[in-house]
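Participant: Provided below for reference: sequence and predicted model.
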Amino acid sequence: MKPGVHAFDQISERTLQHYNDHAEDFRTGTQGHDVSQNIAALLKHVEQTPPAAILDFGCGPGRDLKTFAELGHAPVGLEGCARFAAMAREDGFDVWEQDFLALDLPDNRFDGIFANASLFHVPSRELPRVLSELRATLKPRGVLFSSNPRGLNEEGWYHGRYCVYHDLETWRRLMQDAGFSELDHYYRPAGLPRERQPWLASVWRK
């Protein structure tokens, strides 16, 4: 069931509290995840030579900020979980602590946006607005990468977090309605049968 407007504050509060409560376990459990395929998919289409301005949307403890910096780019993190933001800042990164449902982003600021396992926390009723705000913060011809757990457009609470599981057709429509043009999509992990690929990754041009 889709939430009413009054529920959005609760959705953010409960989801962020879950991550705050499990921040250390999350960092330990995800620090070794290989998302190089996703990072390469974004950078392949970014036209700006390094250092490109990259927004890591939902940067968590900062794992991918480090990778972007090592590749010669200028990453900025955006994170709603206070403990995650603090962890990333401890490693020297610039992190904007913002709720996904209450963004305050400058126009035409970034060459690329890396939304890896983050946008699926945005309720479907709010997603068109959030996508429009992300598009506005991209420079002309900027690129957005997203990776979301796929499904049949279910949404609701899962293990203490609010989650939405889009199929390709719905995700494609949402992105195109927000003004993006599709560059690529694929399923992860690579090399497995489709039923064992729970992640839908896609790349979009402003």
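Facilitator: Noted; the coordinates are in hand. Nothing here was measured: the structure is a model prediction, and the numbers come from that model.

Participant: where does residue 54 land in three-state SS?
Facilitator: Secondary structure for residue 54, judged by DSSP: H, G, I helix; E, B strand; the rest coil, is strand.

Participant: How about residue 81, nearest residue that isn't a chain neighbour?
Facilitator: The shortest distance from residue 81 to any non-neighbouring residue, by C-beta to C-beta, 6 or more residues apart in numbering, is to residue 19 (4.1 Å). For every residue, glycine as well, the C-beta is placed using N, CA and C.

Participant: What about that neighbour, how many residues nearby?
Facilitator: Residue 19 is flanked by 20 other residues according to other C-beta atoms under 10 Å.

Participant: if I look at it, how far off is residue 27?
Facilitator: Relative to residue 27, residue 19 is positioned 10 Å away (criterion: C-beta to C-beta, to the nearest Å).

Participant: swap in residue 104?
Facilitator: According to C-beta to C-beta, residue 104 stands 26 Å off from residue 27.

Participant: Quick check: what element follows the longest strand along the chain along the chain?
Facilitator: Across the chain, the longest stretch assigned as strand under DSSP state E is strand 138-149. Using DSSP states H and E, the helix or strand that directly follows strand 138-149 along the chain is strand 154-158.

Participant: quick one: that next one to chain centroid distance?
Facilitator: Mean C-alpha position of strand 154-158 versus that of the full chain (C-alpha atoms, centre = their mean, to the nearest Å) differs by 17 Å.

Participant: what does stretch 139-151 give?
Facilitator: Distance of stretch 139-151 from the chain centroid (C-alpha atoms, centre = their mean) equals 8 Å.

Participant: Let's test this: mean pLDDT of stretch 158-170, rounded?
Facilitator: Mean pLDDT, computed over stretch 158-170, is 97.

Participant: Determine how far that stretch lies from the middle of the whole chain.
Facilitator: Here the centre of stretch 158-170 is set off from its chain's centre by 13 Å, with C-alpha atoms, centre = their mean.

Participant: packing partners for the lowest-mean-pLDDT helix or strand in the chain?
Facilitator: Ranking every helix and strand in the chain by mean pLDDT, DSSP states H and E puts helix 23-30 at the bottom, with a mean of 84. Helix 23-30 makes packing contacts with helix 82-90 when contacts are defined by 3 or more C-beta pairs under 8 Å, 6 or more residues apart in numbering; DSSP states H and E.

Participant: thinking again about what came up before, would you mind getting the angle between the longest strand of the chain and strand 154-158?
Facilitator: 70 degrees (axes from the mean of the first three to the mean of the last three C-alpha atoms, to 10 degrees).

Participant: quick one: contacts of strand 138-149?
Facilitator: Strand 138-149 is contacted by residues 35, 38, 41-42, 45-48, 53, 108-117, 119-120, 134-135, 163-166, 171, 180, 183, 188, 198-206 when judged by C-beta atoms under 8 Å, 6 or more residues apart in numbering.

Participant: Looking at those, which are in strands?
Facilitator: Those of the contacts of strand 138-149 mapping onto strands are 53, 110-116, 163-165, 183, 188, 199-205, per DSSP E.

Participant: what about stretch 103-120, distance to the chain center?
Facilitator: 7 Å.
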